[in-house]
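Chemist: Task: produce atomic coordinates for the following.
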Amino acid sequence: MDLDQLLEAIDQLSPEDREIVKAHLAGTQEKLTPRTVEEWMQEFADIANEFRGDSTDEEMREIFEAMNSK
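Modeler: Now for the predicted structure:
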């Protein structure tokens, strides 16, 4: 399917389905927006905190060792 065919197919959608396409494209655009270093660092910190959960330092060492051994 080329772009012209895609646009023609979108033109045939119901208004509700067009809103779904519009929301999808808006969400895709958000993903493409460049982030600052601070935003990346915060996201990484959030991921690390979520991964850690309520694990103790000893449990985290054991997890780290298990992940790095083979």
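
Chemist: the bottom helix or strand of this protein by mean pLDDT?
Modeler: helix 15-32 (a mean of 84; mean pLDDT, DSSP states H and E).

Chemist: now that one, how far from the centre of its chain.
Modeler: 15 Å (C-alpha atoms, centre = their mean, to the nearest Å).

Chemist: again, but for stretch 57-70
Modeler: 26 Å.

Chemist: Stretch 5-13 too?
Modeler: For stretch 5-13, the distance to the chain centre is 27 Å (C-alpha atoms, centre = their mean).

Chemist: Could I get the CA-only coordinates of the helix or strand containing Ala66 as CSV?
Modeler: Assessed by DSSP states H and E, Ala66 sits inside helix 57-68. The C-alpha trace of helix 57-68 is given here as CSV (Å, rounded to 0.1, in the frame of the first residue of the first chain):
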residue,chain,number,x,y,z
ASP,A,57,21.0,-4.1,48.7
GLU,A,58,22.0,-7.7,49.3
GLU,A,59,19.1,-8.9,47.1
MET,A,60,20.1,-6.4,44.4
ARG,A,61,23.7,-7.7,44.5
GLU,A,62,22.4,-11.3,44.1
ILE,A,63,20.2,-10.2,41.1
PHE,A,64,23.0,-8.3,39.5
GLU,A,65,25.4,-11.3,39.9
ALA,A,66,22.8,-13.7,38.5
MET,A,67,22.2,-11.5,35.5
ASN,A,68,25.9,-11.2,34.7
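
Chemist: Please spell out which residue in this protein sits farthest from the middle.
Modeler: No residue in the chain sits farther from the centre than Glu58, which is 30.4 Å out by C-alpha atoms, centre = their mean.
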